[in-house]
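In: My questions are about this predicted structure, shown below with the sequence.
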Amino acid sequence: MPEENITRINLDGKELILIGTAHVSRQSAEQVKEVIERERPDSVCIELDAQRYQSVMDNNKWKETDIFKVIKEKKASLLLMNLAISSFQNRLAKQFDIKPGQEMIQGIESAKDVGAELVLADRNIQITFNRIWHNLGLTGKAQLLNGIFFSIFSKETISEDELEKMKSQDTLNAVLAEFTESFPKLKKPLIDERDQYLAQKIKDAPGKKIVAVLGAAHVPGITIEIHKEHDLEALSQTPPKSIVPKILGWAIPLLIIALIAYTFIANPSAGFDQALSWILWTGTLAAIGAAVAFGHPLAILSAFVAAPFTALHPLIAAGWVSGIVQAYIRRPNIGDFETLSEDVFSIKGFWHNKVTRVLLVVVLTNLGGSIGTFIGGADVIRQFFNNL
């Protein structure tokens, strides 16, 4: 096996062996097995947190998903994003006829075989997503979502040789430089902070000889950060939510209600026009969102009815109403969860599978309703000033 993907560091009496892998590479999995069996370390660190470890070890976990609970806990968007991101990796894994994350699975199995302690070294994925989202402005969020979905559904394939070349440090440095230039605020929580977290966990792992199985993108940063001390508690904190969105979330609906009420009192006919405009803009665009998701006619109708009211209440969203209706009428079955990993390979599959269909109904209804709220609110204000 080539040694260029292995970095050896001696630190404070410990020997640290970092294996840089590609997450859908057969050669990476083989190298992980060979290195652990040869080195017989005291600990094996893998680039997983507890949540992803459970997902890797339990392929049937999807079957236990309660779609109603996902909607009620406001996790539809997060679940849809997770599926979208994982679909790209799964498609590459299918191309090379291997299991995604096989090198991490191999690390887990080999650690058990040699009696090494397994260390889950990565930060909780939910915290990473929260810190990424917090660092991006509205434009950055739109660019990120656009980039993710375009990369997911690209039909481009790469050779396994090209995949292995991606693991060379020179190529990685070039990729990271381009990545930083495109999304400078994204690199810090996604790469830099996790480099620090991983480095500290590897350094703190028990024993004198440690093997760490890592995505190759993290190796250059970890080799620097491992010589420093890092506060894992600080790196695990969820960014505080700004109070501004909460204030606006209540202030804007109250303003809309106040403007319509005032206009009704001053000019009932104009007030009726204002209310009708609000209902049509919010209801119609939310319904269009549900329709684009190929929602059931009753889900589309529920989006139209709910949106004018939910838009005036920041704690309720029209998508939750239409999503629950969609899930009730077209409830996903075990077969939908079993084919989920295959269906997310394509846009057609996303819309065909009942699980992702429900998630799309939620997300697109909310998106349409948000646009309708903006346009409808602007029209209410316009009509208010016209009737002063």
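Out: Perfect, I can see it now.
In: Can you tell me which helix or strand of the chain has the lowest average pLDDT?
Out: Ranked by mean pLDDT, DSSP states H and E, the weakest helix or strand in the chain is helix 169-182, scoring a mean of 46.
In: show me where pLDDT drops low in the chain?
Out: Filtered on pLDDT under 70, the chain yields the residue ranges 1-4, 22-26, 59-64, 78, 81-100, 135-186, 334, 338, 341, 344-346.
In: Okay, domains of it per the record?
Out: 6-235, 243-386 (automatic domain parsing).
In: now the shortest one, how far from the chain's geometric center?
Out: When C-alpha coordinates are averaged (Cα atoms, centre = their mean, to the nearest Å), domain 243-386 and its chain have centres 22 Å apart.
In: all numbers from here: first residue = 45
Out: Let's use 45 as the start, then, which means that last one is domain 287-430.
In: Would you reformat the domains of the chain as a markdown table and include mean neighbour count?
Out: (Each C-beta comes from the backbone N, C-alpha and C, glycine too.) Formatted as a markdown table, the domains of the chain follow (neighbours: other Cβ atoms under 10 Å):
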| stretch | mean neighbour count |
| --- | --- |
| domain 50-279 | 17 |
| domain 287-430 | 19 |
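In: In contact with the nearest residue to residue 415 once chain neighbours are set aside: list those residues for me.
Out: Distances taken as Cβ to Cβ, 6 or more residues apart in numbering place residue 329 nearest to residue 415, at 5.2 Å, with adjacent residues excluded. When contacts are counted by Cβ atoms under 8 Å, 6 or more residues apart in numbering, residue 329 touches 351, 412, 413, 415, 416, 419.
In: Using a markdown table, lay out those together with distance to residue 262 and secondary structure.
Out: As requested, the contacts of residue 329 are exported to a markdown table (distance: Cβ to Cβ, whole Å; DSSP: H, G, I helix; E, B strand; the rest coil):
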| residue | distance to residue 262 | secondary structure |
| --- | --- | --- |
| 351 | 43 | helix |
| 412 | 39 | helix |
| 413 | 39 | helix |
| 415 | 38 | helix |
| 416 | 43 | helix |
| 419 | 44 | helix |
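In: so residue 409 sits right up against residue 363, yeah?
Out: Yes. Counting by Cβ atoms under 8 Å, residue 363 is a contact partner of residue 409 at 3.9 Å.
In: Give me the common contacts of the two.
Out: 330, 333, 347.
In: Which of these fall within helices?
Out: Members of the shared contacts of residue 409 and residue 363 lying in helices (criterion: DSSP state H): 330, 333, 347.
In: Find the residue closest to the second one in space, skipping its chain neighbours.
Out: Okay, so that is residue 333. residue 412 is the one closest to residue 333 (Cβ to Cβ, 6+ apart), at 2.8 Å.
In: Surely that neighbour and residue 330 touch.
Out: Yes. If you go by Cβ under 8 Å, residue 412 and residue 330 touch, sitting 4.6 Å apart.
In: Could you pull out the residues contacting both of these two?
Out: Residues touching both residue 412 and residue 330 by Cβ under 8 Å, 6+ apart: 347, 351.
In: which residues of the stretch 195-344 of the chain fall in helices?
Out: Taking DSSP state H, counting those that start in this stretch to define them, one finds helices in the stretch 195-344 of the chain at 204-209, 213-226, 228-231, 237-248, 263-269, 276-279, 287-310, 312-336, 341-354.
In: Which elements pack onto the fourth one?
Out: In this structure, helix 237-248 makes packing contacts with strand 58-65, strand 87-90, helix 169-179, strand 253-259, helix 263-269, helix 276-279, judged by 3 or more Cβ pairs under 8 Å, 6 or more residues apart in numbering; DSSP states H and E.
In: tell me the angle of it relative to strand 253-259?
Out: Helix 237-248 and strand 253-259 are oriented at 160 degrees to each other (axes from the mean of the first three to the mean of the last three Cα atoms, to 10 degrees).
In: Now do helix 237-248: distance to the chain's middle.
Out: Worked out by Cα atoms, centre = their mean, helix 237-248 lies 22 Å from the chain centre.
In: Let's see it as PDB, backbone CA atoms only.
Out: This file holds the C-alpha atoms of helix 237-248, laid out as PDB (Å, rounded to 0.1, in the frame of the first residue of the first chain):
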ATOM      1  CA  GLU A 237     -13.000  23.800  13.700                       C
ATOM      2  CA  ARG A 238     -13.300  20.100  13.000                       C
ATOM      3  CA  ASP A 239      -9.600  19.900  12.400                       C
ATOM      4  CA  GLN A 240      -9.100  21.300  15.900                       C
ATOM      5  CA  TYR A 241     -11.700  19.000  17.400                       C
ATOM      6  CA  LEU A 242     -10.300  15.900  15.700                       C
ATOM      7  CA  ALA A 243      -6.800  16.800  16.600                       C
ATOM      8  CA  GLN A 244      -7.600  17.200  20.300                       C
ATOM      9  CA  LYS A 245      -9.600  13.900  20.400                       C
ATOM     10  CA  ILE A 246      -6.800  12.000  18.700                       C
ATOM     11  CA  LYS A 247      -4.200  13.500  21.000                       C
ATOM     12  CA  ASP A 248      -6.300  12.600  24.100                       C
END
